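[1] coords please:
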Amino acid sequence: MSSGAMQSKVGNPQVYNDGDQRTSAKGADAPAPFEAGQRNAHDIHDPKDNRTLDNKRKQEEKTERDSERADRERTVSDPLEPAQRHGNEPSRGAQVDAELQREDEEATKKKGDFKGMS
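    Predicted coordinates:
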């Protein structure tokens, strides 16, 4: 009797003797696991949602980061804007801030573009 892996009569012989190398099913161009799928397909607070706790946590963190980014984008670049938006006269401090900001912008324009040291 000879020895070897093919002595077994159980199962498909290809399982034991398959020379092909298997690669991962996830390709390099596959989207990130959490980014794949339709937008707004899940409701974060839906109790019948079948997503894992880790995916729910990642979604909540992403939502929080996006809202913080939106808040940062809404910051005031003109110190006079909030008062004028509400129909009021800007305070003296806001007027001084606007004047200083204009002076800084003029000084920056006079100096020209920064070209770096590369």
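[2] contacts and neighbour counts: CA atoms only from here.
    Noted.
[3] can I get the CA coordinates of the host helix or strand of Glu99 in CSV?
    Taking DSSP states H and E as the definition, Glu99 sits inside helix 92-111. What follows is helix 92-111, C-alpha atoms only, in CSV (Å, rounded to 0.1, in the frame of the first residue of the first chain):
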residue,chain,number,x,y,z
ARG,A,92,-16.4,98.7,18.0
GLY,A,93,-14.3,95.6,18.6
ALA,A,94,-15.7,94.0,15.4
GLN,A,95,-14.9,97.2,13.5
VAL,A,96,-11.3,97.2,14.8
ASP,A,97,-10.9,93.5,13.9
ALA,A,98,-12.1,94.2,10.4
GLU,A,99,-9.7,97.1,10.0
LEU,A,100,-6.8,94.9,11.3
GLN,A,101,-7.8,92.2,8.9
ARG,A,102,-7.8,94.5,5.9
GLU,A,103,-4.4,95.9,6.9
ASP,A,104,-3.0,92.3,7.2
GLU,A,105,-4.4,91.4,3.7
GLU,A,106,-2.9,94.5,2.2
ALA,A,107,0.5,93.8,3.8
THR,A,108,0.3,90.2,2.5
LYS,A,109,-0.5,91.5,-1.0
LYS,A,110,2.5,93.9,-0.9
LYS,A,111,4.8,91.1,0.0
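[4] in it, what counts as buried?
    Neighbour counts using 16 or more other CA atoms under 10 Å place Ala94, Ala98 of helix 92-111 among the buried residues.
[5] pLDDT (mean, whole number) over it?
    For helix 92-111, mean pLDDT is 91.
[6] for Thr52, see how far away Lys109 is.
    Distance of Lys109 to Thr52, given as CA to CA, to the nearest Å: 53 Å.
[7] secondary structure class for Asn88?
    coil (DSSP: H, G, I helix; E, B strand; the rest coil).
[8] quick check: phi and psi on it?
    Per-residue torsions, Asn88: phi -110, psi 160 (degrees, to the nearest 10).
[9] pLDDT score assigned to it?
    91.
[10] so who does it touch?
    Contact analysis of Asn88 by CA atoms under 8 Å, 6 or more residues apart in numbering lists nothing.
[11] returning to that earlier point: what sits up against the helix holding Glu99?
    Asp78, Pro79, Leu80.
[12] before I go, just wanted to say thanks for your time.
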